[in-house]
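Trainee: give the three-dimensional model of this entry:
(one chain, ligands or ions: 1)
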Amino acid sequence: MNANMRVAQLVVATLLLVGCPTAGLSGLIWDNGSGIGSLLPAFRGGQVGADDFNLGVLTYRIIHIRWWGGYPLGDPYLDSFQVIIRTPDDEGMPGLPFFLLLEGPNPVIRREVPGGTAEMPLFQYDMVVRDTVRLSGGRYFLEVNNAPDPDAGLWFWLTSDDDGVCWAYDTEVAPGEWIESEDYVGDLRFQLYGHAE
Ligand SMILES: [Ca+2]
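Mentor: Predicted coordinates:
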């Protein structure tokens, strides 16, 4: 290894340590983030959403999660995100929590992005994963909720297309159960960054 390579490694390591949410971001390992589907909220107020991803056969360390959303009432409030990675249950639905990535040690950076309207601006959210989150190959679910308390306001997760499938933790049709989206279809818009180990 020559000196230039050492410097380059040091720069990369420094970027990771600093955790800048946008600079030096590489290692896209799951991409549901390229498009914008319907601007209509994918879920009813208070519902929690999740979508699946598949890492194939390799083991990955997840270092950064990015997702997009907005506020149907047009008034961004103080976010309080809970981000959870779940394994599938026996029926292929979102199952037990595998990693709970809470807001406290994982501050979420919010910034407005093009594509919204004056009444409903759209936002990108970036979270540096500070814990060691290592996922062996296979299928998982990413759940993101933002203070799903109607008194705190409403937040919705943008979809990335209009024909994919996502899941909602239902509060009305089948309380306490995950249901597969049928009436409000679309993959949820998110990206995972990391590296194979
Ligand atoms: Ca999906």
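
Trainee: strands of the chain, start to end?
Mentor: Along the chain, the segments classed as strands by DSSP state E run 28-31, 48-54, 60-70, 81-88, 94-102, 108-113, 122-135, 139-146, 156-157, 167-169, 178-180, 190-196.

Trainee: by how many degrees do the longest one and strand 94-102 diverge?
Mentor: Read it as strand 122-135. Note on geometry: by axes from the mean of the first three to the mean of the last three C-alpha atoms, to 10 degrees, strand 122-135 and strand 94-102 are set 110 degrees apart in direction.

Trainee: model confidence score at Gln47, please.
Mentor: Per-residue confidence (pLDDT) for Gln47: 73.

Trainee: ok, the one 5 residues further on next?
Mentor: Predicted confidence (pLDDT) for Asp52: 96.

Trainee: burial of it, as a residue count?
Mentor: Asp52 has 21 neighbours, counted by other C-beta atoms under 10 Å. For every residue, glycine as well, the C-beta is placed using N, CA and C.

Trainee: what bridges to it?
Mentor: In this entry, Asp52 is beta-bridged to Phe141, by DSSP bridges.

Trainee: which residue is the nearest non-sequential neighbour of Pro107?
Mentor: Closest residue in space to Pro107, ignoring its immediate chain neighbours: Met127 at 7.5 Å, by C-beta to C-beta, 6 or more residues apart in numbering.

Trainee: for the one you found, which residues count as its bridge partners?
Mentor: With DSSP bridges as the criterion, Met127 is bridged to Ile65, Val108.

Trainee: contact partners for it?
Mentor: With contact set as C-beta atoms under 8 Å, 6 or more residues apart in numbering, Met127 has these partners: 21, 64-66, 81, 83, 101, 106-109.

Trainee: by pLDDT, rank those and give me the bottom one.
Mentor: Sorting those by confidence puts Pro21 at the bottom, with a pLDDT of 45.

Trainee: only the buried members of the contacts of Met127: can you turn that into a ChimeraX selection?
Mentor: Filtering the contacts of Met127 down to the buried ones (16 or more other C-beta atoms under 10 Å) takes a single ChimeraX command:
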select :21,64,65,66,81,83,101,106,108,109
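
Trainee: if we can go back for a sec, reformat the strands of the chain as JSON lines; add distance to the ion.
Mentor: What follows is the strands of the chain, written out as JSON lines (distance: least, C-beta to the ion, whole Å):
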{"stretch": "strand 28-31", "distance to the ion": "10"}
{"stretch": "strand 48-54", "distance to the ion": "4"}
{"stretch": "strand 60-70", "distance to the ion": "13"}
{"stretch": "strand 81-88", "distance to the ion": "13"}
{"stretch": "strand 94-102", "distance to the ion": "11"}
{"stretch": "strand 108-113", "distance to the ion": "21"}
{"stretch": "strand 122-135", "distance to the ion": "17"}
{"stretch": "strand 139-146", "distance to the ion": "9"}
{"stretch": "strand 156-157", "distance to the ion": "12"}
{"stretch": "strand 167-169", "distance to the ion": "8"}
{"stretch": "strand 178-180", "distance to the ion": "10"}
{"stretch": "strand 190-196", "distance to the ion": "10"}
